[in-house]
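Enquirer: Please work out how this folds:
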Amino acid sequence: MENPPKSPDESEKSPQSKELLTSNTASTLCISSRSESVWTTASRSKWDIYHKPIIVMSVGAAIFLLGIVITSLSCILVKNKNVYKMCGPALLSLGLMLLVCGLVWIPIIRKKQKQRQKPQFLQSLKSFFFNR
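Expert: Alright, predicted model coming up:
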């Protein structure tokens with residue numbers, strides 16, 4: 001007959017389980033989940049706020065111009081004409097997509113900045129009355 005496995009005593013528990021029981025997991029999670037931008041009141045420069053959409057628009061414009069150049073090469077050069085005809089419009093559309101995404105991103109950031117500047121009490125009243 002087999003003996004059933006014994007339950008581990010306090011001395012046999014792994015150090016990890018002891019650590020989990022004694023650590024303050026909830027307070028650790030709250031501290032690590034705080035975002036610096038939410039809790040600090042220091043004003044950020046325009047570059048800090050708008051650098052991501054500016055970079056996306058710049059990359060989009062560069063890819064769009066490269067697409068224009070490659071598409072125009074398909075009209076001028078005879079060699080590898082099919083490659084230019086395939087790559088040119090693909091780069092045109094990709095560049096235009098990135099350019100438009102960056103242009104749309106800027107008003108979204110402005111709207112969020114205005115919402116952060118409003119008092120919290122007015123926002124809660126507005127959401128209470130209009131979200132019914």
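Enquirer: Please count neighbours and contacts with C-alpha atoms only from this point.
Expert: OK.
Enquirer: mind listing what's buried in the top helix by length along the chain?
Expert: The residue-count maximum for a helix in the chain (DSSP state H) belongs to helix 81-117. Within helix 81-117, the residues that count as buried by 16 or more other C-alpha atoms under 10 Å are 84-85, 88-92, 95-99, 102, 105-106.
Enquirer: wouldn't residue 94 be in contact with residue 62 here?
Expert: No. Counting by C-alpha atoms under 8 Å, residue 94 sits too far from residue 62 to count as a contact (10.4 Å).
Enquirer: Considering the buried residues of helix 81-117, which member attains the minimum pLDDT?
Expert: Across the buried residues of helix 81-117, the bottom pLDDT score, 84, is held by residue 84.
Enquirer: need the contact list for that residue.
Expert: Neighbour list for residue 84: 70-71, 73-74 [criterion: C-alpha atoms under 8 Å, 6 or more residues apart in numbering].
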